[in-house]
Every structure is written in structure tokens, then in C-alpha cells.
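In: what's the 3D shape of this:
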Amino acid sequence: MDLLADLSAALENKTLTSVDLVSACIDQIKDPAGEGARVFISTNFEESLRTAQAVDDLRRAGKTLSPLAGIPVSIKDLFDVKGEVTTAGSKVLSTNLPAASHADVVARLAKSGMVIMGRTNMTEFAYSGLGLNPHYGTPLNPYDRKEKHIPGGSSAGAAVSVTDGMAAIGIGTDTGGSCRIPAAFCGLVGYKPTARRVSLAGVFPLSTSFDSVGSLGKSVTCCAMIDAILSGETYIEARLPDPTEIKIGILQNFVLDGMDNSVSRAFEQALTKLSAAGVTFKDIVLPHLNDLPSLNARGGIIAAEAYDIHKELLIEREQEFDPRVAVRIKKALEQSPGEYEDLLKIRHDYISRANQQTSRFDALIFPTTPITAPKLADMEDDAEYGRLNLLALRNPTVANFLDRCAITLPTPSPGTAPVGLMLMGAAMSDQKLFAIARRIEQELA
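Out: Model prediction:
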């Protein structure tokens, strides 16, 4: 379902108003039986409705508007909004001064006329792939809610805001999978762009080397349409390639280890279906990926950069941090002098090698995560939490480390926990990846 395109057409045809659309989202957020209290860290319904009314008035007056004007969007609690405090899912930043201006991407959303529904919950400082937050609660995955599965992270609230109709699209960040993991766990499409395409000005950082701004939506088209706004580009619906024109490499090492049965089955079924449709698949091995666990054993590049951001707060107020997040940040203290600089050089070399090895393919394919969403009860033990977090992050992090664009698509799996299928393109091949992903989305459906 191309939700954003459908809503855009309904608003333009005046069969739907933005006020009605936003009001329905507010009702979902306020529903006492729903997840709204855990999905959003803050909301401003009066401002949301004022924006919606203004868009409706302009449309009735015959003004030409952005295609997404009047459509509700949620934003992760990492983005500055003028007059609001950016807490990054923490308590320790809650006493900070309000932002003096919008983050660049928030300014672009506002200029397009989209309606911001609020700031979504997340793992504190975006440093986990599971989505837990001890300060604001953890929103539950829409799959089998009685069993209380986690949403994935760090953009946890962003995912559930979309699955539960609290927003039409969610904006998140992706440093090691933080858009794609919750999208995969919750049955959505999640997009990580080539990082340099989207401005990070006004976005609270985790890792300046790895951070990117992406989205979580109902379809590839939804993510492509919002990506155009976030990147400041013009959205043009691309020609979709015929399946026989698509050449994809199946990554054989590192990412296929430890798959649970449901992920393995869904992945094989998807490959079989796409192969029957005419997609060309060839196996590929990137041996250097096997080094990633040892390179990250002491937190790697991300921990080093995160510690540089948080070291003063940790010295003064560590007791206010999520202890699991503080432990991960402080892994950087185990690194030897010069290790961070060496890791940057190694990453640069691996990017160059991967570009050469994959140049014959349009994209690489592998499971987004080797597991489906664990239960919240599984998170009680720190050791199990750590093991599952590393598993959730393992595959998505490949795209961040190699500075690439990547997208996760839900595989058809009625009655079972959602499973994500990841396509990874070359750096700056975002539009090509969107076109390929849309074709594959159609074939899988």
C-alpha cells in the first residue's frame, strides 16, 4: 500500500482533509488501550491541528502545495524543533534549553506542509538495536501484542507510530540499523540513505562517521517520497526495471550465520520467488566483513565517537543514564591510543575493496536481521540483552560501515512474526535502489 501517494491524491481531490487525517492520528495516540503514551515522548496536538487547518485552507483557496502537504509525520527525539527540548530519549538532557531553530530536515518537512505529530520514543542516545527505554517505557511491537515483543531500535517509536496509525510516515536515524531493524521487526519498509545525501545539522549525534537520516513507512514509494523531502531533491517516479534486468549478489559470509528458522525460510522463499520472476542472482563473498566483530570488540568507531560526545555528562551524571547505554559508550575506554584513527583507515580501505568487488551487481541481498523480534521478557538478563542486541545490529551495520544505502522490505509471512529482506546498494545509488526495491516489492506481493 503506497500510503503517502494515496493520501496525497485524496487530499488533492478533496475527498479527505488534513484536519480529519490528523484528528484520526490524535485519536490513535490518545487511545488509552493503545501504545501512544510509550510511542511519543512529546506531542503538541494544538499545533498539529493548526498546521492541518492552514494546509486545508490553502488547498481550498487553490494554492499549489507540496504533494505531501497536510500528511502527518512523526519525528524521532533526536531532531531539533524550534522551541522544544531535544532529549534523545534520555532524562539527562531534559533540562536543556529548547532548540533555537529547526534541524535542517525538520525545516524541510515544515516547508513541505507536512504535519508533525510529535517526537517519538527511542533507545537512549540511539545506542541499541532493540528499542528499549527505561525512562519513557518501551512501545510494544504490533505483532502478537499479548506476547509483548520488542519493536526494535533505536527508532522504536517511529515504527509503532506508523504501524498503529499515529502517523503516515516516521522519520528516524540509522547509525547501525536504527531505521531498518524496527522496520523489519514490525513489518514495515525502512530506508537508510547514503549518509551524505541528507543534512545532519540539528540532529543529536551518536557517531559522526556513521549517522544518517532515514524513514519507516508502509511501502518503498512512501520512503522514496519522504526521502526526496529530507534530501532536498525533487521526487520523480522512476521507471521500474524488468526483473530480468536486475542483477543481485547474495552475500554468503557473515550475514547468514545464526539465522533462526523463520528468517531462513522467508529468505529462501523470497529468493525462489524472485528468481522465478527473472531476477539474476549470483553468490558473493566479502571476506573482510568477517573482521567486523574483532574491529568492534572495544566498541569500534561508534563507541569512540559516542564517548567523545558524552564523556563530560558521564563523569558528572552517569547515574541518570540507561546503564546499558552507558556501558556501551564506555567501551571506548578500552581502546588503545591510535586505535580509533586506525579503524578509520581500515574502514576507508574496506569501502574501497567492497566497491570493487560488488561493481557488477545492482545491489546485494541478505536478511535484514537473522532473528525476528524477541519478547520483552527476554530482555531482563543483561547477557541475553547483549547477545540479542549484537545479533539485531550485525547485518544492518554492514551498510553503515561500507557507507552505502540500504532498504528493508517485509517478506510475505501471514500469521508469523515479520521478517525483513535487505537490499544494499552502492553509495549514491539511492534512486536506483528505490527503483529496484519497488520492483522486488511488487514481485514479492
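In: what's the spacing between the nearest residue to Thr163 once chain neighbours are set aside and Ala110?
Out: In this structure, Thr163 finds its nearest non-sequential neighbour in Pro142, 4.3 Å apart by Cβ to Cβ, 6 or more residues apart in numbering. All C-beta spots, glycine's among them, are computed from the backbone N, C-alpha and C. Going from Pro142 to Ala110 by Cβ to Cβ, to the nearest Å gives 29 Å.
In: over to Leu4?
Out: 17 Å.
In: who's more crowded, those two?
Out: In this view Leu4 and Ala110 are compared by other Cβ atoms under 10 Å, and Leu4 has more residues nearby, 25 against 15.
In: does that one touch Cys222 like I think?
Out: Yes. The pair Leu4 / Cys222 is scored as a contact, 4.5 Å apart, by Cβ atoms under 8 Å.
In: residues shared between the contacts of those two?
Out: 168-169 (Cβ atoms under 8 Å, 6 or more residues apart in numbering).
In: got the domain boundaries for this structure?
Out: By the assignment in automatic domain parsing, the chain contains the domains 3-231, 243-294+331-444.
In: picking up where we left off before, what residues are up against the residue nearest to Thr163?
Out: Here Pro142 is in contact with 160, 163-164, 186-187 (criterion: Cβ under 8 Å, 6+ apart).
In: how does it look with 10 Å?
Out: 35, 149, 151, 159-160, 162-164, 185-188, 373, 418 (Cβ atoms under 10 Å, 6 or more residues apart in numbering).
In: with respect to Arg119, which of those residues is nearest?
Out: Arg119 lies nearest to Val160 out of the contacts of Pro142, by Cβ to Cβ, at 13.6 Å.
In: got phi/psi on the closest residue to that closest one other than its chain neighbours?
Out: Counting by Cβ to Cβ, 6+ apart, Val160 lies nearest to Pro139, which is 4.3 Å off, once chain neighbours are set aside. According to degrees, to the nearest 10, the main-chain angles of Pro139 amount to phi -60, psi 140.
In: counting neighbours, what do you get for Asp257?
Out: Other residues close to Asp257 by other Cβ under 10 Å number 11.
In: ranges for the helices of the stretch 101-250 of the chain?
Out: Taking DSSP state H, counting those that start in this stretch to define them, one finds helices in the stretch 101-250 of the chain at 104-112, 156-163, 180-186, 220-231.
In: cool, and the stretch 301-445 of the chain?
Out: Under DSSP H, counting those that start in this stretch, the stretch 301-445 of the chain gives helices at 323-329, 339-358, 382-401, 430-444.
In: alpha carbons only: can I get the last one in PDB?
Out: Just to be clear, that refers to helix 430-444. This file holds the C-alpha atoms of helix 430-444, laid out as PDB (Å, rounded to 0.1, in the frame of the first residue of the first chain):
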ATOM      1  CA  ASP A 430      19.800   5.700  -3.900                       C
ATOM      2  CA  GLN A 431      17.400   6.300  -6.800                       C
ATOM      3  CA  LYS A 432      18.500   3.100  -8.500                       C
ATOM      4  CA  LEU A 433      18.000   1.200  -5.300                       C
ATOM      5  CA  PHE A 434      14.500   2.700  -4.800                       C
ATOM      6  CA  ALA A 435      13.500   1.500  -8.300                       C
ATOM      7  CA  ILE A 436      14.900  -2.000  -7.800                       C
ATOM      8  CA  ALA A 437      13.200  -2.200  -4.400                       C
ATOM      9  CA  ARG A 438       9.900  -1.200  -5.800                       C
ATOM     10  CA  ARG A 439      10.100  -3.900  -8.400                       C
ATOM     11  CA  ILE A 440      11.000  -6.500  -5.900                       C
ATOM     12  CA  GLU A 441       8.300  -5.300  -3.600                       C
ATOM     13  CA  GLN A 442       5.800  -5.900  -6.400                       C
ATOM     14  CA  GLU A 443       7.100  -9.300  -7.200                       C
ATOM     15  CA  LEU A 444       7.100 -10.500  -3.600                       C
END
